[in-house]
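> I'll drop the sequence and a predicted model, then ask my questions.
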Amino acid sequence: MSSSAGKLSVKIGPLHLKNPVMTASGTFGYGQEYAEFIDLNRLGALVVKGISLDPMEGNSVPRVFETPCGMLNAIGLQNVGLNVFLKEKLPFLRKFDTPVIVNVLGNSVDDYVLLVQQLEDAGVDAVELNVSCPNVKKGGIVFGADSAVMGGLVEKVRKASKLPIITKLSPNVTDISEFACTAENAGSDAVSLINTILGLCIDIQTRKPRLSNITGGLSGPAIRPVAVRMVWEVYKSVNIPIIGMGGIMNSNDALEFILAGATGVAVGTANFVNPTATVEVIDGLEQYLDDNNIESVSRIVGGMIVKDLKPENKLENKNVCEVKPFQRNPL
(Lines give C-alpha, C1' and ligand atoms only; values in the text may rest on other atoms or scores of the structure.)
Protein backbone atom coordinates (compact mmCIF):
# COMPACT_ATOMS: atom_id res chain seq x y z
CA MET A 1 0.00 0.00 0.00
CA SER A 2 1.35 3.40 -0.95
CA SER A 3 2.07 6.21 1.48
CA SER A 4 -0.89 8.19 0.15
CA ALA A 5 -3.43 5.41 0.73
CA GLY A 6 -4.60 7.09 3.95
CA LYS A 7 -6.20 9.76 1.80
CA LEU A 8 -8.85 7.25 0.84
CA SER A 9 -10.15 6.40 4.31
CA VAL A 10 -13.82 7.17 4.92
CA LYS A 11 -16.45 6.70 7.59
CA ILE A 12 -19.83 5.14 6.84
CA GLY A 13 -21.79 5.66 10.02
CA PRO A 14 -19.75 3.92 12.74
CA LEU A 15 -17.76 1.94 10.15
CA HIS A 16 -14.22 3.08 9.41
CA LEU A 17 -13.11 1.93 5.95
CA LYS A 18 -9.61 2.06 4.47
CA ASN A 19 -11.12 3.30 1.22
CA PRO A 20 -14.61 4.03 -0.15
CA VAL A 21 -14.74 1.13 -2.63
CA MET A 22 -16.87 -1.90 -1.87
CA THR A 23 -18.68 -4.60 -3.81
CA ALA A 24 -22.33 -4.43 -4.79
CA SER A 25 -24.38 -7.24 -3.35
CA GLY A 26 -25.15 -10.02 -5.80
CA THR A 27 -22.20 -9.29 -8.09
CA PHE A 28 -19.31 -10.66 -6.03
CA GLY A 29 -20.70 -13.92 -4.70
CA TYR A 30 -19.54 -14.51 -1.13
CA GLY A 31 -16.07 -13.13 -1.79
CA GLN A 32 -14.19 -16.37 -2.18
CA GLU A 33 -15.16 -16.55 -5.86
CA TYR A 34 -13.00 -13.47 -6.56
CA ALA A 35 -10.15 -14.16 -4.16
CA GLU A 36 -8.00 -15.64 -6.94
CA PHE A 37 -8.27 -12.42 -8.94
CA ILE A 38 -7.75 -9.70 -6.30
CA ASP A 39 -6.46 -9.27 -2.78
CA LEU A 40 -9.62 -8.95 -0.72
CA ASN A 41 -7.63 -6.96 1.83
CA ARG A 42 -7.59 -4.08 -0.65
CA LEU A 43 -11.34 -3.53 -0.50
CA GLY A 44 -12.94 -0.89 1.67
CA ALA A 45 -15.70 -3.38 2.48
CA LEU A 46 -17.04 -6.60 1.05
CA VAL A 47 -20.80 -6.77 0.60
CA VAL A 48 -21.87 -10.36 0.07
CA LYS A 49 -24.73 -11.81 -1.92
CA GLY A 50 -28.12 -11.37 -0.26
CA ILE A 51 -28.86 -13.83 2.54
CA SER A 52 -32.27 -15.13 3.62
CA LEU A 53 -33.13 -17.33 6.60
CA ASP A 54 -33.63 -20.38 4.40
CA PRO A 55 -31.88 -21.25 1.12
CA MET A 56 -33.48 -19.91 -2.05
CA GLU A 57 -33.22 -21.49 -5.49
CA GLY A 58 -34.06 -18.30 -7.36
CA ASN A 59 -35.91 -17.99 -10.65
CA SER A 60 -35.74 -20.48 -13.49
CA VAL A 61 -33.48 -19.84 -16.48
CA PRO A 62 -32.97 -17.77 -18.55
CA ARG A 63 -32.12 -15.32 -15.76
CA VAL A 64 -29.59 -12.99 -17.42
CA PHE A 65 -29.67 -11.10 -20.71
CA GLU A 66 -27.06 -8.66 -22.01
CA THR A 67 -28.37 -5.28 -23.13
CA PRO A 68 -26.63 -2.30 -24.78
CA CYS A 69 -24.28 -0.94 -22.08
CA GLY A 70 -25.80 -3.13 -19.42
CA MET A 71 -27.39 -6.31 -18.22
CA LEU A 72 -30.90 -7.41 -17.36
CA ASN A 73 -31.13 -10.00 -14.61
CA ALA A 74 -33.77 -11.84 -12.66
CA ILE A 75 -31.72 -14.20 -10.52
CA GLY A 76 -34.42 -14.20 -7.88
CA LEU A 77 -32.12 -13.82 -4.86
CA GLN A 78 -30.72 -17.35 -5.04
CA ASN A 79 -28.59 -17.93 -1.94
CA VAL A 80 -27.33 -20.61 0.44
CA GLY A 81 -29.33 -19.44 3.45
CA LEU A 82 -28.18 -18.12 6.81
CA ASN A 83 -26.87 -21.33 8.40
CA VAL A 84 -24.67 -22.31 5.45
CA PHE A 85 -23.39 -18.75 5.18
CA LEU A 86 -22.37 -18.69 8.84
CA LYS A 87 -20.76 -22.12 8.76
CA GLU A 88 -19.16 -22.22 5.31
CA LYS A 89 -18.81 -18.69 3.91
CA LEU A 90 -18.14 -16.31 6.80
CA PRO A 91 -15.06 -18.17 8.19
CA PHE A 92 -13.23 -17.59 4.90
CA LEU A 93 -14.04 -13.88 4.93
CA ARG A 94 -12.66 -13.56 8.44
CA LYS A 95 -9.17 -14.22 7.05
CA PHE A 96 -9.07 -10.72 5.61
CA ASP A 97 -8.73 -7.24 7.06
CA THR A 98 -11.86 -6.05 5.32
CA PRO A 99 -15.24 -5.31 6.92
CA VAL A 100 -17.96 -7.77 5.95
CA ILE A 101 -21.38 -6.30 5.19
CA VAL A 102 -24.20 -8.79 4.75
CA ASN A 103 -27.15 -7.96 2.55
CA VAL A 104 -30.28 -9.43 4.14
CA LEU A 105 -33.75 -10.11 2.77
CA GLY A 106 -36.97 -11.51 4.09
CA ASN A 107 -40.70 -11.82 3.54
CA SER A 108 -41.60 -10.30 6.90
CA VAL A 109 -40.25 -7.88 9.48
CA ASP A 110 -39.58 -10.81 11.80
CA ASP A 111 -37.41 -12.43 9.12
CA TYR A 112 -35.21 -9.35 8.90
CA VAL A 113 -34.97 -8.98 12.67
CA LEU A 114 -33.97 -12.59 13.19
CA LEU A 115 -31.40 -12.46 10.40
CA VAL A 116 -29.77 -9.30 11.75
CA GLN A 117 -29.68 -10.58 15.32
CA GLN A 118 -27.98 -13.83 14.32
CA LEU A 119 -25.50 -11.99 12.09
CA GLU A 120 -24.70 -9.64 14.96
CA ASP A 121 -24.02 -12.63 17.20
CA ALA A 122 -21.73 -14.00 14.48
CA GLY A 123 -19.71 -10.79 14.46
CA VAL A 124 -20.32 -9.35 11.01
CA ASP A 125 -19.52 -5.66 10.65
CA ALA A 126 -22.78 -4.29 9.24
CA VAL A 127 -25.98 -5.25 7.45
CA GLU A 128 -27.54 -3.89 4.28
CA LEU A 129 -31.32 -4.18 4.25
CA ASN A 130 -32.47 -5.34 0.84
CA VAL A 131 -35.86 -3.67 0.52
CA SER A 132 -35.54 -2.96 -3.17
CA CYS A 133 -34.93 -6.03 -5.33
CA PRO A 134 -37.16 -5.77 -8.43
CA ASN A 135 -36.96 -9.37 -9.64
CA VAL A 136 -38.84 -11.34 -7.00
CA LYS A 137 -42.59 -11.70 -6.77
CA LYS A 138 -42.83 -11.04 -3.02
CA GLY A 139 -40.74 -9.74 -0.16
CA GLY A 140 -38.28 -6.94 -0.76
CA ILE A 141 -40.14 -4.93 -3.36
CA VAL A 142 -43.13 -4.59 -1.03
CA PHE A 143 -40.98 -2.95 1.63
CA GLY A 144 -39.10 -0.78 -0.86
CA ALA A 145 -42.17 0.59 -2.63
CA ASP A 146 -43.91 1.99 0.46
CA SER A 147 -41.94 4.48 2.55
CA ALA A 148 -44.02 3.95 5.69
CA VAL A 149 -43.65 0.17 5.53
CA MET A 150 -39.94 0.49 4.82
CA GLY A 151 -39.54 2.89 7.74
CA GLY A 152 -41.31 0.49 10.06
CA LEU A 153 -38.93 -2.26 9.01
CA VAL A 154 -35.84 -0.12 9.60
CA GLU A 155 -37.18 0.98 12.99
CA LYS A 156 -37.76 -2.61 14.12
CA VAL A 157 -34.30 -3.71 13.01
CA ARG A 158 -32.73 -0.67 14.65
CA LYS A 159 -34.36 -1.53 17.99
CA ALA A 160 -33.28 -5.17 17.69
CA SER A 161 -29.59 -4.69 16.89
CA LYS A 162 -26.59 -2.44 17.46
CA LEU A 163 -25.07 -3.32 14.08
CA PRO A 164 -24.62 -0.49 11.58
CA ILE A 165 -27.63 -0.49 9.27
CA ILE A 166 -27.47 0.44 5.60
CA THR A 167 -30.80 0.64 3.78
CA LYS A 168 -30.62 -0.16 0.06
CA LEU A 169 -33.09 2.02 -1.80
CA SER A 170 -35.07 1.26 -4.93
CA PRO A 171 -34.97 3.64 -7.91
CA ASN A 172 -38.42 2.39 -8.94
CA VAL A 173 -40.23 5.00 -6.84
CA THR A 174 -41.52 8.53 -7.42
CA ASP A 175 -39.20 10.35 -5.01
CA ILE A 176 -36.17 8.47 -3.74
CA SER A 177 -35.28 11.34 -1.38
CA GLU A 178 -38.50 10.72 0.55
CA PHE A 179 -37.45 7.12 1.13
CA ALA A 180 -33.95 8.20 2.16
CA CYS A 181 -35.38 10.62 4.70
CA THR A 182 -37.67 7.92 6.04
CA ALA A 183 -34.74 5.53 6.42
CA GLU A 184 -32.71 8.19 8.25
CA ASN A 185 -35.55 9.08 10.62
CA ALA A 186 -36.16 5.39 11.34
CA GLY A 187 -32.55 4.85 12.43
CA SER A 188 -30.57 3.80 9.37
CA ASP A 189 -26.87 4.68 9.62
CA ALA A 190 -26.50 5.04 5.85
CA VAL A 191 -28.34 4.47 2.59
CA SER A 192 -27.12 2.72 -0.54
CA LEU A 193 -28.47 3.51 -4.00
CA ILE A 194 -29.43 2.63 -6.54
CA ASN A 195 -30.58 -0.91 -6.96
CA THR A 196 -31.41 -2.05 -10.48
CA ILE A 197 -34.09 -0.39 -12.62
CA LEU A 198 -37.03 -2.56 -13.62
CA GLY A 199 -36.87 -3.49 -17.30
CA LEU A 200 -38.13 -5.85 -19.98
CA CYS A 201 -36.56 -7.29 -23.14
CA ILE A 202 -38.46 -9.25 -25.79
CA ASP A 203 -37.22 -11.69 -28.44
CA ILE A 204 -39.00 -10.43 -31.57
CA GLN A 205 -38.64 -13.80 -33.33
CA THR A 206 -40.31 -15.87 -30.63
CA ARG A 207 -42.28 -12.90 -29.21
CA LYS A 208 -41.34 -14.14 -25.77
CA PRO A 209 -39.61 -12.24 -22.96
CA ARG A 210 -35.87 -12.77 -22.72
CA LEU A 211 -36.16 -13.69 -19.03
CA SER A 212 -38.27 -16.42 -17.49
CA ASN A 213 -39.40 -13.92 -14.87
CA ILE A 214 -40.56 -11.63 -17.73
CA THR A 215 -39.10 -8.51 -16.12
CA GLY A 216 -35.73 -8.04 -14.48
CA GLY A 217 -33.35 -5.49 -13.05
CA LEU A 218 -31.27 -3.36 -15.43
CA SER A 219 -27.71 -2.61 -14.30
CA GLY A 220 -24.47 -1.41 -15.85
CA PRO A 221 -23.29 1.85 -17.49
CA ALA A 222 -26.70 2.46 -19.05
CA ILE A 223 -28.16 3.42 -15.68
CA ARG A 224 -25.23 5.46 -14.33
CA PRO A 225 -26.58 8.94 -15.14
CA VAL A 226 -29.84 8.05 -13.41
CA ALA A 227 -27.96 6.71 -10.38
CA VAL A 228 -25.71 9.76 -10.12
CA ARG A 229 -28.73 12.06 -10.30
CA MET A 230 -30.48 10.15 -7.52
CA VAL A 231 -27.39 10.23 -5.32
CA TRP A 232 -27.24 14.00 -5.77
CA GLU A 233 -30.93 14.37 -4.88
CA VAL A 234 -30.55 12.24 -1.76
CA TYR A 235 -27.34 14.04 -0.73
CA LYS A 236 -29.30 17.29 -0.58
CA SER A 237 -31.92 15.70 1.63
CA VAL A 238 -30.20 13.61 4.32
CA ASN A 239 -27.36 13.86 6.82
CA ILE A 240 -26.38 10.20 6.84
CA PRO A 241 -23.70 8.82 4.45
CA ILE A 242 -24.60 7.58 0.99
CA ILE A 243 -23.11 4.58 -0.81
CA GLY A 244 -23.50 5.17 -4.53
CA MET A 245 -23.72 2.48 -7.17
CA GLY A 246 -25.01 1.89 -10.66
CA GLY A 247 -22.73 1.34 -13.65
CA ILE A 248 -19.37 2.08 -12.07
CA MET A 249 -16.76 0.63 -14.43
CA ASN A 250 -13.69 2.67 -13.47
CA SER A 251 -12.43 5.37 -11.11
CA ASN A 252 -13.81 8.20 -13.24
CA ASP A 253 -17.29 6.74 -12.83
CA ALA A 254 -16.75 6.40 -9.09
CA LEU A 255 -15.65 10.03 -8.89
CA GLU A 256 -18.93 11.13 -10.44
CA PHE A 257 -20.80 9.50 -7.57
CA ILE A 258 -18.47 10.99 -4.97
CA LEU A 259 -18.80 14.49 -6.42
CA ALA A 260 -22.58 14.04 -6.42
CA GLY A 261 -22.51 13.23 -2.70
CA ALA A 262 -21.55 9.60 -2.15
CA THR A 263 -19.16 8.85 0.70
CA GLY A 264 -18.74 5.27 -0.51
CA VAL A 265 -19.16 3.54 -3.86
CA ALA A 266 -20.01 -0.02 -4.82
CA VAL A 267 -18.83 -1.79 -7.96
CA GLY A 268 -21.35 -4.25 -9.37
CA THR A 269 -21.83 -5.32 -12.99
CA ALA A 270 -18.22 -4.41 -13.80
CA ASN A 271 -17.11 -7.43 -11.78
CA PHE A 272 -18.63 -9.73 -14.41
CA VAL A 273 -16.54 -8.30 -17.26
CA ASN A 274 -13.43 -7.38 -15.28
CA PRO A 275 -12.82 -9.28 -12.03
CA THR A 276 -10.13 -6.78 -10.98
CA ALA A 277 -12.42 -3.76 -11.43
CA THR A 278 -12.64 -2.95 -7.72
CA VAL A 279 -8.90 -2.62 -7.14
CA GLU A 280 -8.51 -0.67 -10.36
CA VAL A 281 -11.08 1.81 -9.07
CA ILE A 282 -9.17 2.09 -5.79
CA ASP A 283 -5.89 2.73 -7.61
CA GLY A 284 -7.54 5.28 -9.88
CA LEU A 285 -9.06 7.20 -6.97
CA GLU A 286 -5.70 7.34 -5.22
CA GLN A 287 -4.02 8.60 -8.39
CA TYR A 288 -6.67 11.28 -8.84
CA LEU A 289 -6.13 12.60 -5.31
CA ASP A 290 -2.36 12.65 -5.81
CA ASP A 291 -2.58 14.35 -9.20
CA ASN A 292 -4.87 17.06 -7.87
CA ASN A 293 -3.16 17.55 -4.48
CA ILE A 294 -6.31 16.60 -2.58
CA GLU A 295 -5.54 15.58 0.99
CA SER A 296 -8.57 13.35 1.51
CA VAL A 297 -11.31 11.84 -0.62
CA SER A 298 -13.77 13.12 1.97
CA ARG A 299 -12.94 16.66 0.86
CA ILE A 300 -14.62 16.14 -2.50
CA VAL A 301 -17.80 14.37 -1.35
CA GLY A 302 -20.62 16.50 -2.75
CA GLY A 303 -18.07 18.73 -4.47
CA MET A 304 -19.91 19.09 -7.76
CA ILE A 305 -19.67 22.65 -9.07
CA VAL A 306 -23.09 24.10 -9.87
CA LYS A 307 -24.34 27.18 -11.70
CA ASP A 308 -22.58 29.72 -9.52
CA LEU A 309 -19.28 27.85 -10.07
CA LYS A 310 -19.05 27.03 -6.38
CA PRO A 311 -19.08 23.55 -4.83
CA GLU A 312 -22.51 22.38 -3.76
CA ASN A 313 -22.81 23.38 -0.09
CA LYS A 314 -24.58 20.62 1.71
CA LEU A 315 -25.39 22.64 4.81
CA GLU A 316 -26.60 25.83 3.13
CA ASN A 317 -28.27 24.70 -0.06
CA LYS A 318 -30.02 21.47 0.71
CA ASN A 319 -33.47 20.97 2.12
CA VAL A 320 -32.55 18.62 4.94
CA CYS A 321 -35.29 16.27 6.04
CA GLU A 322 -36.34 16.88 9.59
CA VAL A 323 -34.80 14.29 11.89
CA LYS A 324 -37.54 13.09 14.19
CA PRO A 325 -38.89 9.85 15.65
CA PHE A 326 -40.38 7.81 12.86
CA GLN A 327 -44.19 7.82 12.92
CA ARG A 328 -46.05 4.89 11.44
CA ASN A 329 -49.03 2.64 11.85
CA PRO A 330 -48.18 -0.68 13.57
CA LEU A 331 -47.24 -3.38 11.08
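Received, thanks.
> for the chain, what spans make up the helices?
82-84, 90-93, 109-122, 140-144, 147-160, 176-186, 224-235, 251-260, 270-273, 277-291, 314-317 (DSSP state H).
> Can I get those helices in CSV including mean neighbour count?
C-betas here are computed from N, CA, C, even on glycine. Shown next, in CSV, are those (neighbours: other C-beta atoms under 10 Å):
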stretch, mean neighbour count
helix 82-84, 16
helix 90-93, 16
helix 109-122, 18
helix 140-144, 23
helix 147-160, 20
helix 176-186, 24
helix 224-235, 22
helix 251-260, 22
helix 270-273, 18
helix 277-291, 19
helix 314-317, 10
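> contacting residues for the spatially most central residue of the chain?
What sits nearest the mean C-alpha location of the chain, by C-alpha atoms, centre = their mean, is Ser192, with 4.2 Å. Going by C-beta atoms under 8 Å, 6 or more residues apart in numbering, Ser192 touches Glu128, Ile166, Thr167, Lys168, Leu169, Ile242, Ile243, Gly244, Met245, Ala266.
> So what pairs up with it in the strands?
Lys168, Ile243 (DSSP bridges).
> From Gly144, how far out is it?
Distance from Ser192 to Gly144, counting by C-beta to C-beta, to the nearest Å: 12 Å.
> Quickly list what's touching both of those two.
Both Ser192 and Gly144 are contacted by Leu169, under the criterion C-beta under 8 Å, 6+ apart.
> who touches Val10 in this structure?
His16, Leu17, Asn19, Pro20, Gly44, Pro241, Thr263, Gly264, Val297, Ser298.
> if we can go back for a sec, just the buried members of the contacts of Ser192?
Glu128, Ile166, Thr167, Lys168, Leu169, Ile242, Ile243, Gly244, Met245, Ala266 (16 or more other C-beta atoms under 10 Å).
> Please report the distance of Val113 from Leu198.
Taking C-beta to C-beta, one finds Val113 at 27 Å from Leu198.
> what's Ile75 in contact with, if anything?
Ile75 touches Gly26, Gly58, Asn59, Arg63, Val64, Asn135, counting by C-beta under 8 Å, 6+ apart.
> re the thing from before, mind checking the helices of the chain for the one nearest to Ala74?
Minimum separation from Ala74 across the helices of the chain (C-beta to C-beta) falls at helix 140-144, 12.2 Å.
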